[in-house]
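With the input below, show me the fold.
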Amino acid sequence: MLKGKWLLKLLFALLRKPSLWFPSAKQIFILAKNRWPLTPPFLPFPSDDFLEFRIITYQGQTEKLPDVDVVITWLTWVADLEKSKI
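Okay, here's the model as predicted:
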């Protein structure tokens, strides 16, 4: 479900925002499917079912992944939420 071109766009957008590096790394492992080190491709990606559910609940369709700016905005919100817990 995740597309390489979309992931690259997200990576380049994150490279311009060092304040989001830690929150995004943390979210990768929070959202990763269980036992990801034991199943190929041995990367901490979310399960396809979970990702499809999140995309449908966000935009009502799965044909297109959300804009990278939306993901950056969400990560900014997550980072702000973490700061407010301290």
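
Just the CA trace of the helix or strand residue 73 falls within, in CSV.
Here residue 73 is covered by helix 68-85, with elements defined by DSSP states H and E. The C-alpha coordinates for helix 68-85 follow below in CSV (Å, rounded to 0.1, in the frame of the first residue of the first chain):
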residue,chain,number,x,y,z
VAL,A,68,2.6,14.7,2.5
ASP,A,69,1.7,18.1,4.0
VAL,A,70,-1.1,16.4,5.9
VAL,A,71,1.3,13.9,7.4
ILE,A,72,3.7,16.7,8.4
THR,A,73,0.8,18.6,10.0
TRP,A,74,-0.2,15.4,11.9
LEU,A,75,3.4,14.8,13.1
THR,A,76,3.6,18.5,14.2
TRP,A,77,0.4,17.9,16.2
VAL,A,78,1.9,14.7,17.7
ALA,A,79,5.1,16.5,18.7
ASP,A,80,3.1,19.4,20.3
LEU,A,81,1.0,16.9,22.2
GLU,A,82,4.1,15.1,23.5
LYS,A,83,5.5,18.5,24.7
SER,A,84,2.3,19.4,26.5
LYS,A,85,2.4,16.1,28.5
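
residues in contact with it?
6, 9-10, 13-14, 17, 19-20, 22-24, 27, 58 (CB atoms under 8 Å, 6 or more residues apart in numbering). For the C-beta atoms, the positions are set from N, CA and C on the backbone; glycine is no exception.

Format these as JSON lines; extra columns: distance to residue 45.
Shown next, in JSON lines, are the contacts of helix 68-85 (distance: CB to CB, whole Å):
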{"residue": "6", "distance to residue 45": "13"}
{"residue": "9", "distance to residue 45": "16"}
{"residue": "10", "distance to residue 45": "13"}
{"residue": "13", "distance to residue 45": "18"}
{"residue": "14", "distance to residue 45": "16"}
{"residue": "17", "distance to residue 45": "21"}
{"residue": "19", "distance to residue 45": "24"}
{"residue": "20", "distance to residue 45": "19"}
{"residue": "22", "distance to residue 45": "19"}
{"residue": "23", "distance to residue 45": "18"}
{"residue": "24", "distance to residue 45": "14"}
{"residue": "27", "distance to residue 45": "12"}
{"residue": "58", "distance to residue 45": "18"}
